[in-house]
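Enquirer: Pasting the sequence and the predicted coordinates here, then a few questions.
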There are 2 protein chains.
Amino acid sequence: MTQQNKHSLFPNIHNDSLTQNIEGLDQDNKKISAKIIKEGALTIFLNNQEIVTLMCILDHPIYLAIGYLLNQNMIGEKDKIRSIDFDKDLNLIVVRTNKKTNYEKILKKKVITSGCAQGTVFGNIYEEIGKIKITSKIIIRHKWIYEISKKINQIPSLYLEAGAVHGCVIINKNKPIIYMEDVGRHNAVDKISGYMFLNNINPENKIFYTTGRLTSEMIIKTVKMKIPILISRSGFTSWGVEIAKKTNLTLIGRAKGKRYTILSGHKRLKY
Amino acid sequence: MTQQNKHSLFPNIHNDSLTQNIEGLDQDNKKISAKIIKEGALTIFLNNQEIVTLMCILDHPIYLAIGYLLNQNMIGEKDKIRSIDFDKDLNLIVVRTNKKTNYEKILKKKVITSGCAQGTVFGNIYEEIGKIKITSKIIIRHKWIYEISKKINQIPSLYLEAGAVHGCVIINKNKPIIYMEDVGRHNAVDKISGYMFLNNINPENKIFYTTGRLTSEMIIKTVKMKIPILISRSGFTSWGVEIAKKTNLTLIGRAKGKRYTILSGHKRLKY
């Protein structure tokens, strides 16, 4: 059972299709049944074009597909989505828009990013991102950072059940409202992005938390989603910090226990 | 100064070009200088073809380029490498072989993998991998698993200096001999692979340790490198375990403190 209120969505740890029990041995040579995360392949079509096959957790294929297309600049906010068809047997999703998209142009230019390290960014996302300035004046209170981390750690999750996944969370003030997980941290962000888009959730007064590192792709996706504050328990990379500064994103990392480091946009932080 | 003996190579924490100090604030609103990892873009050419631009740590560009091409099946063990030219100003590397490569065929088929989640695997690696059986009869002793983890944690590393990187280590019995790091865990593996290839190091009696999760790409790269035992402090995914079982790879995960879980190839483990 997914805990779902209006605009809130948390991991569904009761969906047995997302994990698998595998027989193994522990450190004492004792037979154990280890619960591990289950990956599936999701193929995304945009209109008549096959775009990609993603290995992912198949809990939210529609949000993932829409978020992927949005974050790769393959559909824009102004594109009207005509239909979304998901074939559960084939794990195939077809997104149809009301006009031709620019995927052909986009597919031509490809940069492999570092976070994972073989993340792929299509098109001119890097050039575009430099022009964006985040103007949201929301604040984050010092103590919310602790409260947010603590609350997230206590929400039942596939991570706590089976490990080996990343989580991304949308937060309203100090309250987690949307929590998505995936084997790939980019997939987790894309699921969030798709959910927010389809549910018309205002990003400009939200805080974004990721368990993953603050690499350039993570910063770029956050900026593209227009979320003004990004928190992670993990560390920074130089390019990520550079983009955060340029775009006026508040970047809080190494948020563990009672510690954190803020390397960009500290005007939004209130002590 | 890199600690380097014959066939041993550890992180070079004294290379200032790999990290950067950024001014920021800590949790007490105190100004701090945070050391963070520095990414650079490395562009790889194979003969006359531009293959990819990787965001990476630029400590071992040649090993990274060769390992990338090997692990993407773009060069094979039997290809003779005629020259490797690295342009330090452009961060451009050109690898020339003695015959035409099959990159064109390979570039046609592309699957985005999940580990990061937008890792890209070109060509028919998934089909190929199913046919490989690891036959090495080396063993790993129960207590080595603890010793290996402990030793790796104590080796000075960019991770300990600046965080936000993954490490991969080649181990001989219980002794770490090659330790590579990168923002992208795939880059770290590729660096290892390039180093072993160029230095003719026998993989079949080695153990491989990664800080990253045991996702399918990591398993595939290990199998392609012909290393029989893979250890990680992180968790498993179902597809990774499946490939490990099929190929007879020994897979030890969740190796933390006094605990670990072995989900494949336990015949190589001696208590």
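Expert: Received, thanks. Residues are numbered from 1 along each chain as shown, chains lettered A, B, ... in the order given.
Enquirer: Can you point out the helix or strand that includes the residue positioned nearest the centre of chain A?
Expert: Taking Cα atoms, centre = their mean as the criterion, residue A:189 is the residue nearest the geometric centre of chain A, at 0.9 Å. Per DSSP states H and E, residue A:189 falls inside helix A:185-198.
Enquirer: Tell me which other helices or strands that helix touches.
Expert: Here helix A:185-198 touches helix A:61-71, strand A:166-172, strand A:175-182, strand A:207-210, helix A:216-224, going by 3 or more Cβ pairs under 8 Å, 6 or more residues apart in numbering or on different chains; DSSP states H and E. For the C-beta atoms, the positions are set from N, CA and C on the backbone; glycine is no exception.
Enquirer: need the helices for the stretch 1-150 of chain A, in chain order.
Expert: Counting by DSSP state H, counting those that start in this stretch, one finds helices in the stretch 1-150 of chain A at the ranges A:61-71, A:103-108, A:125-129, A:142-154.
Enquirer: Which one of those helices lies nearest to residue B:252?
Expert: Closest to residue B:252 of the helices of the stretch 1-150 of chain A is helix A:142-154 (Cβ to Cβ; 26.4 Å).
Enquirer: Does anything pack onto that closest one? Which helices or strands?
Expert: Going by 3+ Cβ pairs under 8 Å, 6+ apart, helix A:142-154 lies up against strand A:166-172, strand A:175-182, strand A:207-210, strand A:229-232, strand A:250-256.
Enquirer: tell me the most buried of these?
Expert: Stretch with highest mean neighbour count among the helices and strands packed on helix A:142-154: strand A:229-232 (a mean of 25; mean count of other Cβ atoms under 10 Å in any protein chain shown).
Enquirer: Who are the packing partners of it?
Expert: Under the contact definition 3+ Cβ pairs under 8 Å, 6+ apart, strand A:229-232 sits against helix A:142-154, strand A:207-210, helix A:216-224, strand A:250-256.
Enquirer: Run through who's touching that strand.
Expert: Outside strand A:229-232, the residues that touch it by Cβ atoms under 8 Å, 6 or more residues apart in numbering or on different chains are A:138, A:140, A:145, A:148-149, A:206-214, A:218-219, A:222, A:244, A:249-255, A:260, A:265, A:268.
Enquirer: With stretch A:144-152 instead?
Expert: A:167, A:169, A:171, A:173-176, A:179, A:207, A:209, A:231, A:233, A:252, A:255-256, A:258, A:260, B:27.
Enquirer: run the last query once more with 7 Å
Expert: Stretch A:144-152 is contacted from outside by A:169, A:171, A:173-174, A:176, A:209, A:231, A:233, A:252, A:255, A:258, A:260, using Cβ atoms under 7 Å, 6 or more residues apart in numbering or on different chains.
Enquirer: Tell me the one among the residues you listed nearest to chain B.
Expert: Comparing these against chain B with Cβ to the nearest Cβ places residue A:260 closest, at 5.0 Å.
Enquirer: What separation do you get for residue A:267 and residue A:243?
Expert: From residue A:267 across to residue A:243, the span is 17 Å (Cβ to Cβ, to the nearest Å).
Enquirer: ok, the two, which is more surrounded?
Expert: residue A:243 (25 against 10; other Cβ atoms under 10 Å in any protein chain shown).
Enquirer: Now that one. Nearest residue, chain neighbours left out?
Expert: Once flanking residues are discounted, residue A:243 sits nearest to residue A:219: 4.7 Å by Cβ to Cβ, 6 or more residues apart in numbering or on different chains.
Enquirer: How many residues are close by residue A:53?
Expert: Counted with other Cβ under 10 Å, residue A:53 comes out at 16.
Enquirer: do residue A:259 as well
Expert: Neighbour tally, residue A:259, other Cβ under 10 Å: 12.
Enquirer: tell me, how many neighbours does the residue lying closest to it once chain neighbours are set aside end up with?
Expert: Among residues not flanking residue A:259 along the chain, residue B:27 sits closest, at 5.4 Å (Cβ to Cβ, 6+ apart). Counted with other Cβ under 10 Å, residues neighbouring residue B:27 total 19.
Enquirer: check contacts around residue B:27.
Expert: Counting by Cβ under 7 Å, 6+ apart, residue B:27 has contacts A:258-260.
Enquirer: for residue A:171, same thing?
Expert: A:148, A:177, A:206-207, A:209.
Enquirer: and with 8 Å instead?
Expert: A:148, A:177, A:206-209.
Enquirer: Report pLDDT for whichever residue of the stretch 151-271 of chain A sits closest to chain B.
Expert: Among all residues of the stretch 151-271 of chain A, residue A:184 sits closest to chain B, at 1.6 Å; criterion: Cβ to the nearest Cβ. Looking at residue A:184, its pLDDT reads 88.
Enquirer: next one: residue A:55
Expert: For residue A:55, the model assigns a pLDDT of 87.
Enquirer: Against residue A:39, how distant is residue A:161?
Expert: 15 Å.
Enquirer: So those two - more neighbours on which side?
Expert: residue A:39 (28 against 17).
Enquirer: thinking the more buried one is in contact with residue B:239, fair?
Expert: Yes - with contact defined as Cβ atoms under 8 Å, residue A:39 counts as touching residue B:239 (4.7 Å).
Enquirer: Tell me the one among the contacts of stretch A:144-152 nearest to residue B:56.
Expert: residue A:233 (23.2 Å).
Enquirer: what are the phi and psi angles of the closest one?
Expert: phi -80, psi -20 (degrees, to the nearest 10).
Enquirer: quick one, what contacts it?
Expert: By Cβ under 8 Å, 6+ apart, the neighbours of residue A:233 are A:149, A:211, A:253-256.
Enquirer: cutoff 10 Å now
Expert: By Cβ atoms under 10 Å, 6 or more residues apart in numbering or on different chains, residue A:233 lies in contact with A:149, A:152-153, A:209-213, A:252-257, A:260.
Enquirer: any idea how far it is from residue A:255?
Expert: 5 Å.
Enquirer: Which residues are in contact with each of these two?
Expert: In contact with both residue A:233 and residue A:255: A:149, A:209, using Cβ under 10 Å, 6+ apart.
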